[in-house]
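Visitor: Structure for the following, please:
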Amino acid sequence: MMLHSALALCLLLVAVSSNLAIAIKKEKRPPQTLSRGWGDDITWVQTYEEGLFYAHKSKKPLMVIHHLEDCQYCQALKQVFAQNEEIQEMAQNKFIMLNLMHETTDKNLSPDGQYVPRIMFVDPSLTVRADITGRYSNRLYTYEPQDLPLLIENMKKALRLIQSEL
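Guide: Take a look at the predicted model:
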């Protein structure tokens, strides 16, 4: 009788643990630390070099977001960026995405200074697109929360330029 109940308990444990493993696999994956709040469903690359490699390989543009944790303008932009479905969908499917909290050695990524937030696009030929700008003449690549429609338009422009230039 003891052996029978021990066997039943073992079978029960196996059944529960395998179901638990299936449930864990089905659950949404844990938030990526690389997203830093910009969108947990986006696949983020870790470095600029990795971003350039995947942009070239996949023929997708690289979108580089420069930001800092203690910057209130970055935080405000991040919040609306992460909540905007159109931006998130494009970022997930049509771009190689990188967000950086430090400057790179590529001076082309700071053509008018090292300020944050700053969003730059790099095409698959690895050219920094200095021609895709925001609406401020003193900080060409910055965006504020109310500038999301322009950012969406610029993301579409980055995609259109690639199609016409490839």
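Visitor: Helices along this protein, start to end?
Guide: 2-26, 48-58, 72-83, 85-93, 148-165 (DSSP state H).
Visitor: Those: lowest mean pLDDT?
Guide: Comparing mean pLDDT across the helices of the chain, the weakest is helix 2-26, with a mean of 55.
Visitor: What residues sit buried inside stretch 81-88?
Guide: For stretch 81-88, the neighbour count (16 or more other Cβ atoms under 10 Å) marks 81-82, 84, 87-88 as buried. C-beta coordinates here come from the backbone N, C-alpha and C atoms, glycine included.
Visitor: any idea which of the residues you listed is closest to Asp147?
Guide: Set against Asp147, the nearest of the buried residues of stretch 81-88 by Cβ to Cβ is Phe81 (10.5 Å).
Visitor: contacting residues for that closest one?
Guide: Neighbour list for Phe81: 38-39, 65, 87, 148, 151 [criterion: Cβ atoms under 8 Å, 6 or more residues apart in numbering].
Visitor: Could I get those in JSON lines, plus columns for distance to Thr105?
Guide: As requested, the contacts of Phe81 are exported to JSON lines (distance: Cβ to Cβ, whole Å):
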{"residue": "Trp38", "distance to Thr105": "23"}
{"residue": "Gly39", "distance to Thr105": "26"}
{"residue": "Ile65", "distance to Thr105": "18"}
{"residue": "Ile87", "distance to Thr105": "28"}
{"residue": "Leu148", "distance to Thr105": "30"}
{"residue": "Leu151", "distance to Thr105": "26"}
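Visitor: which one of those residues is nearest Asp112?
Guide: Nearest member of the contacts of Phe81 to Asp112, counting by Cβ to Cβ, is Ile65, at 16.3 Å.
Visitor: so what's the closest one bridging to?
Guide: Asn99, Ile119 (DSSP bridges).
Visitor: what's around it, how many residues?
Guide: For Ile65, the count of nearby residues is 23 (other Cβ atoms under 10 Å).
Visitor: All set, thanks.
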